[in-house]
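Undergrad: Okay, sequence plus prediction incoming.
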Amino acid sequence: MRYSVKAPAKINLTLDVLHKRADGYHEVEMIMTTVDLADRIDLTLTDNGKIIIDVSEGFVPSDQRNLAYQAAELLQKRMNVQKGVSIYITKRIPVAAGLAGGSSDAAATLKGLNKLWKLGLSLDELAEIGKEIGSDVAFCVYGGTALATGRGEVIEAIPAPPSCWVILAKPPIGVSTADIYKRLTLQNIEHAPTDRMIEAIRQQDFTGICANLHNVLESVTLDMYPEVRHIKEQMLRFGANGVLMSGSGPTVFGLVEHESRLHRIYNGLRGFCQDVYAVRLIRSTDTC
Ligand SMILES: C[C@@](CO)(OP(=O)(O)O)[C@H](O)COP(=O)(O)OP(=O)(O)OC[C@H]1O[C@@H](n2ccc(N)nc2=O)[C@H](O)[C@@H]1O
Ligand SMILES: Nc1ncnc2c1ncn2[C@@H]1O[C@H](COP(=O)(O)OP(=O)(O)O)[C@@H](O)[C@H]1O
């Protein structure tokens with residue numbers, strides 16, 4: 001028996017850090033939404049109880065370090081499953097990019113194995129297991145658009161923003177999330193307008209959404225990697241309506257209302273950046 005599951009990327013429309021916690025994590029407030037750039041996870045049932053993993057990209061670990069492997073192992077142990085699985089990941093989401101590719105692979109694996117192993121767990125139960133693997137996994141289990149709090153694992157669904165195009169551009173660098181959080185200075189931080197963003201989304205106010213995009217990690221990554229700042233400036237110059245770095249970066253996304261502008265921005269960016277994608281927001285939460 002075999003299942004294919006889509007694992008979509010996320011972007012952060014806002015990312016605020018409230019304080020550093022005693023456990024070393026940061027207390028965050030983020031509005032996240034899924035986009036239709038996705039990895040594909042193929043799951044094949046095996047009878048010997050073993051978990052085998054392979055990945056289309058050589059530089060993503062194809063062993064216990066892979067978050068999809070960790071998700072399968074945790075679920076197998078937690079639910080006392082005797083069956084095994086062979087996992088094949090076709091990567092399309094750039095790696096270490098601020099798009100939660102690994103977290104989404106883990107979430108999709110949990111959702112796919114829930115069917116393959118006939119476990120009958122709810123999304124809430126899968127998210128509860130997923131949060132042990134990483135802060136972004138719970139959001140990826142639900143998909144859609146949500147306010148994430150705590151260390152990112154407390155998820156409250158909110159309505160989807162109005163449909164629009166999203167241009168993603170990633171310079172050829174990988175960013176360590178832990179490193180960016182470590183370098184963040186919390187004094188004099190300009191906090192994100194989370195409430196205003198939620199209101200703009202509720203009102204389906206595209207201009208308001210673009211005006212309230214804010215990520216407190218952005219200045220940390222921009223100071224370390226001037227090429228990220230350059231991409232931001234160029235995306236705005238080519239005509240994106242709103243531009244922001246996603247997560248800890250280095251991917252920059254631009255929201256674009258009209259398709260007529262999309263090609264100009266895409267082609268302009270492709271002139272100096274290899275990794276550019278034109279995608280759409282996913283408005284449905286059913287990603288499986
Ligand atoms: C920044 C964000 C925004 O969505 O995404 P990415 O840039 O990774 O996509 C997330 O907060 C990342 O989530 P995720 O990548 O799952 O993080 P984890 O594996 O849980 O943590 C990696 C490391 O980041 C730091 N970390 C993470 C989350 C948090 N709220 N506070 C932290 O300080 C910790 O040092 C931790 O060891
Ligand atoms: N399935 C996976 N896909 C991508 N990266 C993975 C995966 N499993 C583990 N990793 C590791 O996780 C790190 C972060 O990757 P990723 O989730 O793509 O980035 P981000 O946290 O910035 O969104 C990478 O350095 C990679 O080695």
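TA: Structure's in. What do you need? Ligands and ions are numbered 1, 2, ... in the order given.

Undergrad: so who does the nearest residue to residue 259 once chain neighbours are set aside touch?
TA: Using Cβ to Cβ, 6 or more residues apart in numbering and skipping residues adjacent in sequence, the residue nearest residue 259 is residue 165, 6.5 Å away. Glycine gets a C-beta too; all of them are placed from N, C-alpha and C. By Cβ atoms under 8 Å, 6 or more residues apart in numbering, the residues touching residue 165 are 255, 256, 257, 259, 262, 278, 279, 280.

Undergrad: For residue 165, name its beta-bridge partners.
TA: Residue 165 has these beta-bridge partners by DSSP bridges: residue 256, residue 280.

Undergrad: What of the one 5 residues further on?
TA: Going by DSSP bridges, residue 170 is paired in beta bridges with residue 275.

Undergrad: List phi and psi for the nearest residue to residue 130 once chain neighbours are set aside.
TA: Closest residue in space to residue 130, ignoring its immediate chain neighbours: residue 137 at 3.6 Å, by Cβ to Cβ, 6+ apart. As for residue 137, its main-chain torsions (degrees, to the nearest 10) stand at phi -70, psi -40.

Undergrad: ok, now which ones touch residue 137?
TA: Contacts of residue 137 by Cβ under 8 Å, 6+ apart are 67, 71, 103, 106, 107, 110, 127, 130, 131, 153.

Undergrad: ok, now residue 172?
TA: Applying Cβ under 8 Å, 6+ apart to residue 172 gives the contacts 274, 275.

Undergrad: Please list the residues of the stretch 1-150 of the chain that sit near ligand 2.
TA: 60-61, 65-68, 89, 95-103, 105 (Cβ under 6 Å from any ligand atom).

Undergrad: Among those residues, name the buried ones.
TA: 60, 66-68, 89, 96-103, 105 (16 or more other Cβ atoms under 10 Å).

Undergrad: Between these, which sits nearest residue 219?
TA: Residue 219 has its nearest neighbour among these in residue 98, at 14.2 Å by Cβ to Cβ.

Undergrad: ok, now how distant is residue 268 from residue 233?
TA: Going from residue 268 to residue 233 by Cβ to Cβ, to the nearest Å gives 12 Å.

Undergrad: who's more crowded, those two?
TA: Neighbour count, other Cβ atoms under 10 Å: between residue 268 and residue 233, residue 268 has more, with 17 against 12.

Undergrad: so what's the more buried one closest to, chain neighbours aside?
TA: Of all residues beyond its chain neighbours, the one nearest residue 268 is residue 238 (4.0 Å), with distances taken as Cβ to Cβ, 6+ apart.

Undergrad: all helices of the stretch 101-250 of the chain, in order?
TA: In the stretch 101-250 of the chain, the helices defined using DSSP state H, counting those that start in this stretch lie at 101-116, 123-130, 137-142, 177-183, 194-202, 206-211, 218-224, 226-238.

Undergrad: Same list, those helices, but as a markdown table with distance to residue 250 please.
TA: A markdown table is the format used below for the helices of the stretch 101-250 of the chain (distance: least, Cβ to Cβ, whole Å):
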| stretch | distance to residue 250 |
| --- | --- |
| helix 101-116 | 13 |
| helix 123-130 | 25 |
| helix 137-142 | 20 |
| helix 177-183 | 10 |
| helix 194-202 | 22 |
| helix 206-211 | 21 |
| helix 218-224 | 6 |
| helix 226-238 | 5 |
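
Undergrad: That concludes my questions; thank you for your assistance.
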